[in-house]
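Q: Here is a sequence with its predicted model. Questions after.
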Amino acid sequence: MEKKLTREHIQSFYTWLKTEEKSKNTIEKYIRDVSAFIKYLGNVSVTKDKVIEYKTKLIDEEYAVRSINSMLASLNSLFTFLGWHDLKVKSIKLQNQIYCSEEKELTKAEYLRLVNTAKQNGNKRLNLLIQTICATGIRVSELRYITLEAVRRGTAVVSLKGKTRPVLIICELQKKLLRYATEQQITSGAIFITRNGKPMSRINIWKEMKNLCKEAGVNPCKVFPHNLRHLFARTFYGIEKDIAKLADVLGHSSINTTRIYIVTTGDEHRKKLESMRLII
């Protein structure tokens, strides 16, 4: 039987993802990935060979393996929903990464330069926002849970991806946020808001952080909200050495995900190898 993807299929898939309580960002990503595949197909029917051909195309275009696997997962999810199980393809096997590139890792010194530059520029909101993400390890999409009520309690309750977890707000950060809320006349709700009183968007946060780079002397490639979460993870693990506890703090379902956050740089890995002194 010929299988053709239609707008009705995508709309039904979108509705199903919502009933599955997928997050807004997850749904948008799935639909974006599926739409890219449909554009590639044109008016051609879907076959297993076509899906494999698309997978090969992504590899040839040198997409990152994790990105390819993520896109294939979106397609497989669609095929599962439609009952087209014979079209599902395998992901690319990826060996666990043992170290990361120095060009991508945000160091603590660079983080401090970003915070201080925001302060010098009189941008208190950005200054505190960066500190809040880095001191709690939350995702940028979870910032809306940092409310005045949560700050007063010293704990934010984050509900995302079908899971709920408490996020502790340390005393020093708590004081800074309460002082900021008083200055900005915030009486309830989210702390990090726009002039119109709406929670800041991911795009606005990303842009504001990028604008700090040149003055702070930090490579823009390193500066984005999720890298602050990685810095939190590495710092936490450096103290605790407990990956299971870190996974709980970050809200990860799998420790394998957490492992990605705590890989050392190539330079650190090299130093450890050299310290073994096995060359005579």
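A: Received it, and whenever you're ready, just let me know what you need. Owing to the predicted nature of the structure, the values given are computational and were not obtained by experimental measurement.
Q: can you list the weak-confidence ranges in this protein?
A: Low-confidence segments of the chain (pLDDT under 70): 94-103, 161, 264-273, 278.
Q: Now do the contacts for the spatially most central residue of the chain.
A: Centroid-nearest residue in the chain, with C-alpha atoms, centre = their mean: residue 226, separated by 5.0 Å. Residues counted as contacts of residue 226 (C-beta atoms under 8 Å, 6 or more residues apart in numbering) are 139, 140. Bear in mind the C-beta positions are built from the backbone N, C-alpha and C, glycine included.
Q: can you rerun that using 10 Å?
A: Neighbour list for residue 226: 106, 133, 139, 140, 206, 261 [criterion: C-beta atoms under 10 Å, 6 or more residues apart in numbering].
Q: The second one - nearest residue in space that isn't next to it in sequence?
A: If the residues on either side of it in the chain are set aside, residue 133 comes closest to residue 228, at 4.3 Å by C-beta to C-beta, 6 or more residues apart in numbering.
Q: And the one you found, which helix or strand is it part of?
A: Applying DSSP states H and E as the criterion places residue 228 in helix 225-240.
Q: Which elements pack onto the helix or strand just after that helix?
A: Remark: after helix 225-240, the chain's next helix or strand is helix 243-250, criterion DSSP H and E. With contacts defined as 3 or more C-beta pairs under 10 Å, 6 or more residues apart in numbering; DSSP states H and E, helix 243-250 has these neighbours: strand 163-168, helix 225-240, helix 255-261.
Q: Looking at those, spot the one closest to residue 275.
A: helix 225-240 (17.1 Å; C-beta to C-beta).
Q: so how far is that closest one from its chain's centroid?
A: 13 Å (C-alpha atoms, centre = their mean, to the nearest Å).
Q: For that helix, which residues meet the burial criterion?
A: Neighbour-count burial for helix 225-240, counted by 16 or more other C-beta atoms under 10 Å, picks out 225, 227, 228, 229, 230, 231, 232, 233, 234, 235, 236, 237.
Q: Residue 104 versus the residue nearest to the centre of the chain, what's the distance?
A: 11 Å (C-beta to C-beta, to the nearest Å).
Q: for residue 65, same thing?
A: Separation of residue 65 from residue 104 (C-beta to C-beta): 15 Å.
Q: Please check the contacts of residue 226 and keep the buried ones.
A: 106, 133, 139, 140, 261.
Q: quick one: which of these is nearest to residue 174?
A: Looking across the buried ones among the contacts of residue 226 and measuring by C-beta to C-beta, the closest to residue 174 is residue 133, at 15.2 Å.
Q: quick one: that closest one is in a helix?
A: Yes: judged by DSSP: H, G, I helix; E, B strand; the rest coil, residue 133 forms part of a helix.
Q: wait, it sits on residue 202?
A: No: contact criterion C-beta atoms under 10 Å: residue 133 and residue 202 do not qualify, at 11.7 Å.
Q: anything in contact with each of these two?
A: 139, 140, 143, 225.
Q: Turn the residues you listed into CSV, columns for secondary structure and distance to residue 3.
A: Formatted as CSV, those follow (DSSP: H, G, I helix; E, B strand; the rest coil; distance: C-beta to C-beta, whole Å):
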residue, secondary structure, distance to residue 3
139, coil, 36
140, helix, 38
143, helix, 41
225, helix, 39
